[in-house]
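[1] Sequence plus the predicted model coming up.
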Amino acid sequence: MASVTNTEILTKPAKVKTILVSQPAPSIENSPYNQLIDKRKVVIDFRPFIHVEGVSSREVRLQKIDITQFSAIIFTSRNAVDHFFRLAEELRYPVPSTMRYFCQSEAVAYYLQKYVVYRKRKIYVGKRTLDELLKEVVKYKDESFLLPCSDRLKPSIPEKLDATGVNWTKGVFYKTVVSNLSDLRNVYYDILVFFSPSGIESLFQNFADFDQKDTRIAVFGNSTKKAALDKNLRIDILAPTPENPSMTKALDDYIAKANKR
């Protein structure tokens, strides 16, 4: 039976007992997911549908990038931080103390402390979005910026950087790779949770014959929603919305209705 394209929530959904989240398990003990498990008495498993692999120093050279020529680095994620410093070590480049670091969020800036003494470095932090960070970037137009990123960089990022007029270069330092999920072929979950188009892509690369049937699909964000609809998946749970700003809140709301008998 072909998957349907109706995006409305099922009027009488079956009870929810098991959920698979296509991300690594939370590192904090009292995460919202653990709270959801305790509150709704459901089983939640975590399994990354995609993972990151670093590119080699040779691949960086083929991009004609010499990391010694940059005076500022723009970090949009912790992966970018990890792979910049990994490659710096592989290339035997001692990152100078004069390097400026521009971090998209406080979480990324905090993570940077894994590699540098925070108080002794020039670190600039955006509140959460790239737009907020770029307000700091434009103040340093004499700097030469490097953007370490994945092979799946959002098109809006280079567009916004170009609009600032700063001198910047993209460096693909890591790649997003589909994970092997073959061991899940005969495992059933009531809800599958996705946070990126890559997760949807991984589902169908691993299970080309995937038939949704009664499996509920939860998606986060418009790009993930579009990817799901493009694959003719029925979306049962959507976040963020004004009512459900987080995925855990959306799941909680759905389970409350589905399990009410």
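    Okay, I see it.
[2] The stretch 51-200 of the chain: helices as residue ranges?
    Under the criterion DSSP state H, counting those that start in this stretch, helices of the stretch 51-200 of the chain are mapped to 57-62, 78-90, 106-111, 130-137, 156-164, 197-206.
[3] Mind putting the ones you listed into JSON lines with mean pLDDT, distance to Phe173 and mean neighbour count?
    Using the backbone N, CA and C atoms, a C-beta is placed for each residue, glycine as well. Formatted as JSON lines, the helices of the stretch 51-200 of the chain follow (pLDDT from 0 to 100; distance: least, Cβ to Cβ, whole Å; neighbours: other Cβ atoms under 10 Å):
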{"stretch": "helix 57-62", "mean pLDDT": "94", "distance to Phe173": "7", "mean neighbour count": "14"}
{"stretch": "helix 78-90", "mean pLDDT": "96", "distance to Phe173": "4", "mean neighbour count": "19"}
{"stretch": "helix 106-111", "mean pLDDT": "90", "distance to Phe173": "15", "mean neighbour count": "16"}
{"stretch": "helix 130-137", "mean pLDDT": "91", "distance to Phe173": "18", "mean neighbour count": "17"}
{"stretch": "helix 156-164", "mean pLDDT": "94", "distance to Phe173": "14", "mean neighbour count": "13"}
{"stretch": "helix 197-206", "mean pLDDT": "96", "distance to Phe173": "17", "mean neighbour count": "20"}
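[4] Include distance to Pro24 when you put the ones you listed into TSV, please.
    Output for the helices of the stretch 51-200 of the chain, formatted as TSV (distance: least, Cβ to Cβ, whole Å):
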stretch	distance to Pro24
helix 57-62	25
helix 78-90	12
helix 106-111	15
helix 130-137	24
helix 156-164	23
helix 197-206	12
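[5] Tell me which of those lies nearest to Arg47.
    Evaluated with Cβ to Cβ, these place helix 197-206 nearest to Arg47, the distance being 10.2 Å.
[6] Dump that closest one to PDB, keeping only the CA atoms.
    Extracted in PDB, the C-alpha atoms of helix 197-206 (Å, rounded to 0.1, in the frame of the first residue of the first chain):
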ATOM      1  CA  PRO A 197      16.000  16.600   5.600                       C
ATOM      2  CA  SER A 198      19.100  14.400   5.900                       C
ATOM      3  CA  GLY A 199      17.300  12.200   8.400                       C
ATOM      4  CA  ILE A 200      14.500  11.700   5.900                       C
ATOM      5  CA  GLU A 201      17.000  10.900   3.200                       C
ATOM      6  CA  SER A 202      18.700   8.400   5.500                       C
ATOM      7  CA  LEU A 203      15.400   6.600   6.200                       C
ATOM      8  CA  PHE A 204      14.800   6.000   2.500                       C
ATOM      9  CA  GLN A 205      18.400   5.200   1.700                       C
ATOM     10  CA  ASN A 206      18.300   2.500   4.300                       C
END
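[7] and for it, what are the contacting residues?
    Contact with helix 197-206 is made by 22, 49-50, 152, 176, 178-182, 184, 192, 194, 210, 223-224, 226-228, 231, 233, as judged by Cβ atoms under 8 Å, 6 or more residues apart in numbering.
[8] Run the chain-centre distance for it.
    In terms of Cα atoms, centre = their mean, to the nearest Å, the centre of helix 197-206 is found 14 Å from the chain centre.
[9] Counting neighbours, which bits of whichever helix or strand comes after that helix end up buried?
    For helix 197-206, the succeeding helix or strand toward the C-terminus, using DSSP states H and E, is strand 216-220. Going by neighbour count (16 or more other Cβ atoms under 10 Å), the buried part of strand 216-220 is Arg216, Ile217, Ala218, Val219, Phe220.
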